[in-house]
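**Q** how would this look folded up:
(4 chains)
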There are 2 protein chains.
Amino acid sequence: MPEYRDAQGRRLEDYPRPSVAVDTAVLTLESERGLCVILATSGLGPRLPGTFVHPGETLADAVTRSLLDKTGIQGLSPTQLHVFDNPNRDDRGWVLSVAHLDTVAPDRLRLDHSLAEIRPVDQLPSLPYDHEGVVARAVETLRAEYRRSPDPRHFLPDSFTLRELHDVHEAIAGASLGRDTFRRSMLSQLVDTGDRTSGIVGKPARIFSRSEDR
Amino acid sequence: MPEYRDAQGRRLEDYPRPSVAVDTAVLTLESERGLCVILATSGLGPRLPGTFVHPGETLADAVTRSLLDKTGIQGLSPTQLHVFDNPNRDDRGWVLSVAHLDTVAPDRLRLDHSLAEIRPVDQLPSLPYDHEGVVARAVETLRAEYRRSPDPRHFLPDSFTLRELHDVHEAIAGASLGRDTFRRSMLSQLVDTGDRTSGIVGKPARIFSRSEDR
DNA sequence: CAAATAGTGTCTTTTAGACACTATTCG
DNA sequence: CGAATAGTGTCTAAAAGACACTATTTG
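**A** Okay, the predicted model is just below:
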């Protein structure tokens, strides 16, 4: 690649540049405690997992790498939320941080408990930098996604009952949702597999799957 | 400030860092052509106004500076849209670009026409980098804001008639909106000033103002 | 059969949309 | 007065919400 120089004969590297970090709120569901976030616990007190972005990497690459290194989990589909850009937000110098949301289904969560802990989003400890704001944005973004679509983050397996989907939605919304309206709005967005549950008390439930990849 | 060093005794500046740019889709309304975007026209072909972020600046500062320098307009309230982060997106090297949306009311637009032109968002020329995607995101974001609130970007002055508001919403939506439903949904979100229009044909219209700063 | 859960039918309330009709101004 | 625009009243259709009732399973 021919080296670039601007009108003053200078390269990009001759101008001051910020360090760029990523910080990620990984949200998951727990049956008892509802919507939770994963916090790294590496001596300095609880915080969101993050790292500096390396050359040749995308932001999503950096998120995935930081989650593996800092919490032992396999990242999925990081979504950008916001760039925190206060020039004085980090004592170490000029650091921009790109906040992300990621999600992991409870049954796929393999967490290294020596590195991380799981906390309900409404019972957070005090977090450094802008991390409490990141969690708030992550929760609001996830709620907006689930208002539009049955299970866009695949918290459930490929097929599931309406009851299971209802429980997921209530956990994410942090509120109860009304059986009738929920059923009607979801039926039009799901595919009936024709199968039924069996082996548990009560009338067998229809088993549905997502249409396309919603 | 004591100089920061990490566990390897290195400073932040010892690690590779990207250049960080901002690019902004400034949207405005024209009575005949509807929703439009401002394009810089500086010899290299039309493109969104942008600049590299300087030390000590926020991203919003950089947006404001670039708009003044490249188009002669005074920026208002830049909103972050997305970070474009493909490591190879710029020939000059590793450059992240933070896309922004800004808006300017037609009567406050003082454009330097030797530097910039105004184009309807549905009649764009071919744009470099990710700039067509930026415009698309900007338009979608603005439309979402106006679905939720009467005039969050203050395209209209402090007081206005329902007709004027209706025209703004149709221009932004790029579609006609239905007089009755529009009226009903807006009345509950506006404050009746008690004044009426006068001097124009037809029944005088009530003049409303925004409640709070919506 | 009793308890538990799934699913249906139906009624009411709310909201969206259409549209005719009235009201008030200018020229 | 006629053209133009603002505002109201009312009807219908669709959606949201409540709730009783039926259906089918396990233990």
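
**Q** packing partners for the longest helix seen in chain A?
**A** Counting residues, the longest helix found in chain A (DSSP state H) is helix A:131-148. On a contact count with 3 or more C-beta pairs under 8 Å, 6 or more residues apart in numbering or on different chains; DSSP states H and E, helix A:131-148 meets strand A:19-30, strand A:34-40, strand A:79-84, strand A:95-103, helix A:162-173. The C-beta positions use only the backbone N, C-alpha and C, and glycine is treated the same way.

**Q** helix or strand right after it?
**A** Once the chain leaves helix A:131-148, the next helix or strand it forms, by DSSP states H and E, is strand A:159-160.

**Q** let me see the mean pLDDT of stretch A:32-41.
**A** Averaged across stretch A:32-41, pLDDT comes to 95.

**Q** same question for that stretch: list its buried residues.
**A** A:34-41 (16 or more other C-beta atoms under 10 Å in any protein chain shown).

**Q** low pLDDT regions in chain A?
**A** Regions of chain A meeting the criterion pLDDT under 70 cover residues A:1-2, A:75, A:213-214.

**Q** show residues contacting the longest helix of chain A.
**A** With C-beta atoms under 8 Å, 6 or more residues apart in numbering or on different chains as the contact definition, helix A:131-148 has outside contacts at A:23, A:25, A:27, A:35, A:37, A:47-48, A:79, A:81-82, A:84, A:99, A:101, A:103, A:121, A:124, A:126-127, A:152-153, A:168-169, A:172-173.

**Q** just the CA coordinates for it, please, in PDB.
**A** Coordinates of each C-alpha in helix A:131-148 appear next as PDB, following Å, rounded to 0.1, in the frame of the first residue of the first chain:
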ATOM      1  CA  HIS A 131     -20.800   1.500  33.000                       C
ATOM      2  CA  GLU A 132     -24.100   2.100  34.800                       C
ATOM      3  CA  GLY A 133     -25.300   4.100  31.800                       C
ATOM      4  CA  VAL A 134     -24.200   1.400  29.500                       C
ATOM      5  CA  VAL A 135     -26.300  -1.200  31.300                       C
ATOM      6  CA  ALA A 136     -29.300   1.100  31.200                       C
ATOM      7  CA  ARG A 137     -28.900   1.600  27.500                       C
ATOM      8  CA  ALA A 138     -28.400  -2.100  26.900                       C
ATOM      9  CA  VAL A 139     -31.600  -3.000  28.800                       C
ATOM     10  CA  GLU A 140     -33.600  -0.400  27.000                       C
ATOM     11  CA  THR A 141     -32.300  -1.600  23.600                       C
ATOM     12  CA  LEU A 142     -33.100  -5.300  24.500                       C
ATOM     13  CA  ARG A 143     -36.600  -4.400  25.600                       C
ATOM     14  CA  ALA A 144     -37.200  -2.500  22.400                       C
ATOM     15  CA  GLU A 145     -36.100  -5.500  20.300                       C
ATOM     16  CA  TYR A 146     -38.400  -7.800  22.200                       C
ATOM     17  CA  ARG A 147     -41.300  -5.400  21.700                       C
ATOM     18  CA  ARG A 148     -40.900  -5.900  18.000                       C
END
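
**Q** what about A:Ser185, which SS state?
**A** Three-state assignment for A:Ser185 (DSSP: H, G, I helix; E, B strand; the rest coil): helix.

**Q** for A:Arg5, what are phi and psi?
**A** Note on A:Arg5: its backbone torsions stand at phi -140, psi 140 [degrees, to the nearest 10].

**Q** what residue in chain A comes nearest to DNA strand C?
**A** A:Gly202 (2.4 Å; C-beta to the nearest atom of the strand).

**Q** how much space between that residue and A:Val83?
**A** 49 Å (C-beta to C-beta, to the nearest Å).

**Q** now A:Arg108
**A** According to C-beta to C-beta, A:Arg108 stands 29 Å off from A:Val83.

**Q** neighbour count: those two, which is higher?
**A** Neighbours per residue (other C-beta atoms under 10 Å in any protein chain shown) separate A:Arg108 from A:Val83, with A:Val83 holding more: 20 against 13.

**Q** is the nearest residue to A:Pro204 once chain neighbours are set aside in a bridge, and if so with what?
**A** Distance criterion C-beta to C-beta, 6 or more residues apart in numbering or on different chains; nearest residue to A:Pro204, sequence neighbours excluded, is A:Arg196 at 3.8 Å. Beta-bridge partners for A:Arg196, by DSSP bridges, are A:Arg206.

**Q** now do the contacts for A:Arg196.
**A** Applying C-beta under 8 Å, 6+ apart, the residues near A:Arg196 are A:204-207.

**Q** burial count for A:Ala138?
**A** Residues lying near A:Ala138 (other C-beta under 10 Å) number 26.

**Q** measure it to A:His131 for me?
**A** Relative to A:His131, A:Ala138 is positioned 10 Å away (C-beta to C-beta).

**Q** now do A:Ala60
**A** Distance from A:Ala60 to A:His131, by C-beta to C-beta: 19 Å.

**Q** these two: who's more crowded?
**A** The neighbour count for A:Ala60 versus A:His131, taken as other C-beta under 10 Å, is higher for A:His131 (22 against 17).

**Q** domain map for chain A?
**A** A:16-147, A:150-213 (automatic domain parsing).

**Q** tell me which of the ones you listed is the most buried.
**A** Highest mean neighbour count of the domains of chain A: domain A:16-147, a mean of 18 (counted as mean count of other C-beta atoms under 10 Å in any protein chain shown).

**Q** dump the helices and strands packed on helix A:131-148 into CSV; add distance to DNA strand C as well.
**A** Shown next, in CSV, are these (distance: least, C-beta to the nearest atom of the strand, whole Å):
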stretch, distance to DNA strand C
strand A:19-30, 18
strand A:34-40, 19
strand A:79-84, 29
strand A:95-103, 24
helix A:162-173, 3
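
**Q** so can I have CSV of these showing distance to B:Thr181?
**A** Below are those laid out as CSV (distance: least, C-beta to C-beta, whole Å):
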stretch, distance to B:Thr181
strand A:19-30, 36
strand A:34-40, 35
strand A:79-84, 33
strand A:95-103, 34
helix A:162-173, 27
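
**Q** for A:Thr71, find the nearest of those.
**A** strand A:34-40 (5.8 Å; C-beta to C-beta).

**Q** which helices and strands does the closest one pack with?
**A** strand A:19-30, helix A:59-71, strand A:116-120, helix A:131-148, helix A:162-173.

**Q** outside of it, which residues touch it?
**A** Residues from elsewhere that reach strand A:34-40 (C-beta under 8 Å, 6+ apart): A:25-30, A:46-49, A:70-71, A:73, A:104, A:111, A:115-121, A:124-125, A:127, A:135, A:138-139, A:142, A:171-172, A:174.

**Q** fine, thanks again, bye for now.
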